[in-house]
Each structure stands twice: as structure tokens, then as C-alpha cells.
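**Q** fold the following and give me the result.
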Amino acid sequence: MHRFSAPFLALGLLFPSLAAAQSRLGGEIIVPPVATGEEQSAQADLWVMEVRFKPLRMITVELTDPKTGEKKPEFVWYLAYRGFVRPLPDRGNANQPQNTLDEPVSPPLFIPEFTLVTTDTPERISYPDQVIPEALPVINRREKYDYGTSVSVVGPIPPAAAPGATDVQGVAGVAMWRNLDPSADRFTVFLTGFSNGIQVVTTPDGGTAVQSKTIQQDYWRPGDQFDLDELEMKLDGESVWIYR
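**A** Model (predicted):
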């Protein structure tokens, strides 16, 4: 697994205004856009977002049982995020790009994917994020922000803008999970779709596989399965860019 270090920055509390798109929201962690010269030489159309996400949180939501139609309270875990495309250094066209599996998508699309994986259970359990319509307005009221779902935010990536520029466009969404194993104390969340970077690798059987540039963030929870508390969710190390 190829890693690129991307230290996170703890941020202060500032007002959550949609008009001030680049203002830091309270509790956000910044993952800077990282792209090596090797990556840019291999992929001429490479773009990478600066990603800002809040701590992994939990909220109780009255969700409708699809079988009975009755509402009952459930825990919904969620991760609120924002993304801004940043310009990468111009390295010219000295080398012919290597990652040319398909013609570039025009315009490039933002299609986020989030996977939460338990890492301390007897078998790792993988949870893709879900669209939970009843939870979204509850989360937005709590966060005082207009986040979209992983479906509603899909669309052309915003134009690249340098930090501090005016009239900046970005993306803002929330990943949601339910029915997580309450006995798990360690998790990894993978955030994909914030770059179009790809890497072709050789598999053990001699074939090839395509890996996507992804953000990895580890968490740990020192509590127990009988008293779930979002304040127990702790970052376990720094956010890193990887390929997976």
C-alpha cells in the first residue's frame, strides 16, 4: 500500500457560514492535497481536493422500519465533510502519462465513496456509507450547515481555487452508517472520490488491478458496547493519502 503523509491540523471555532465557503468550521480537520511529481507525470489530468472533515459523530434518529412502517430510535454514525480543488504545480509535459486506461471524463465528476472498516473484530467488517433520508435533516440541524448525501453531491468537480481566493466553489456532504457492530473499538474510514488519481498494480496471480487515491483515517473508542458515546471516538494517528 503506497502512502503519502498528510498531517492533519486541529482547527479553531469559526462561524459556519455558507457564504464564507473556505472559513474553517469548528472541529474540522484539514487533509491537504498531496501529489508527488511521479503522480503528476503519470497522470496529466490529475486533480486532488483539500478535504476538511469533522470528527466522526453519532446521533439518535427516529427511523422508519420498512417492514412495519413504525418509527424507532436508532444510532446513526456520520462524518460531515467539505472539499475544495486546489491547483497543482505545473510540471509541464516532460513525460508521457502512464495511467491512460480510459479517456478522461469531461467534465470530471465528484463521486464520493466512504467505507468504515472494523479493525479489532474477529473478522474485519466493512460498512459502505448509506443514504438515510430521515437522518439528513436531523444532522444538518445539529451541524447548522447544508450538507448533502453521497448521491445528491455527485456532479462536476468545482473549479480549482487557491486558498484565500474569493468566489470559491466546493462540495459539502455527509457520510452515514447504521447498524455498526457495537463491540468494535477500532475503525478505519476510507474516503475515496476526492482525487481522480489511480495506480495500476500487479496482483499476486500476475494480473493487474487499479487502485484509487484515497484518504485513510483511523479511530479508536475506549468505551464499551453497552454505553455508546460519540465523545469516546478518538483519532488514531494522522490522516494519510494512500492507494487502495
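
**Q** next up, phi/psi of the residue in the chain sticking out farthest from the centre, please.
**A** Most distant from the centre of the chain: residue 68, at 33.4 Å, with distances by CA atoms, centre = their mean. Main-chain torsions, residue 68, degrees, to the nearest 10: phi -100, psi -20.

**Q** could you give the number of residues near residue 45?
**A** Around residue 45 there are 15 other residues, counting by other CB atoms under 10 Å. C-beta coordinates here come from the backbone N, C-alpha and C atoms, glycine included.

**Q** measure it to residue 88 for me?
**A** Distance, residue 45 to residue 88, by CB to CB, to the nearest Å: 11 Å.

**Q** which residues sit in contact with the residue nearest the centre of the chain?
**A** Closest to where the C-alpha atoms of the chain average out (CA atoms, centre = their mean) is residue 191, at 3.3 Å. The contact partners of residue 191, taken as CB atoms under 8 Å, 6 or more residues apart in numbering, are 51, 53, 81, 112-114, 175, 214-217.

**Q** now do residue 70
**A** By CB under 8 Å, 6+ apart, the contact list for residue 70 reads residue 64.

**Q** pretty sure residue 162 contacts residue 86?
**A** Yes. Counting by CB atoms under 8 Å, residue 162 touches residue 86, with 6.9 Å between them.

**Q** can you map out the helices along the protein?
**A** For the chain, the helices defined by DSSP state H cover 37-42, 136-143.

**Q** for the longest one, what is the distance to the chain centroid?
**A** It refers to helix 136-143. 18 Å (CA atoms, centre = their mean, to the nearest Å).

**Q** can you check stretch 148-158 too?
**A** The mean C-alpha position of stretch 148-158 is separated from the chain mean by 12 Å, CA atoms, centre = their mean.

**Q** again, but for stretch 60-74
**A** Taking CA atoms, centre = their mean, one finds the center of stretch 60-74 at 27 Å from the center of the full chain.

**Q** any idea of the mean pLDDT for it?
**A** Stretch 60-74 shows a mean pLDDT of 91.

**Q** and if you look at stretch 158-174?
**A** 90.

**Q** start to end distance for that stretch?
**A** One end of stretch 158-174 sits 18 Å from the other (CA to CA, to the nearest Å).

**Q** backbone dihedrals for residue 181, please?
**A** The phi/psi pair for residue 181 (degrees, to the nearest 10) reads phi -60, psi 110.

**Q** you'd agree it is up against residue 117?
**A** No. Assessed by CB under 8 Å, residue 181 is found out of contact with residue 117, at 10.9 Å.

**Q** between these two, which has more neighbouring residues?
**A** The residue with more neighbours, out of residue 181 and residue 117, is residue 117; 17 against 13, by other CB under 10 Å.
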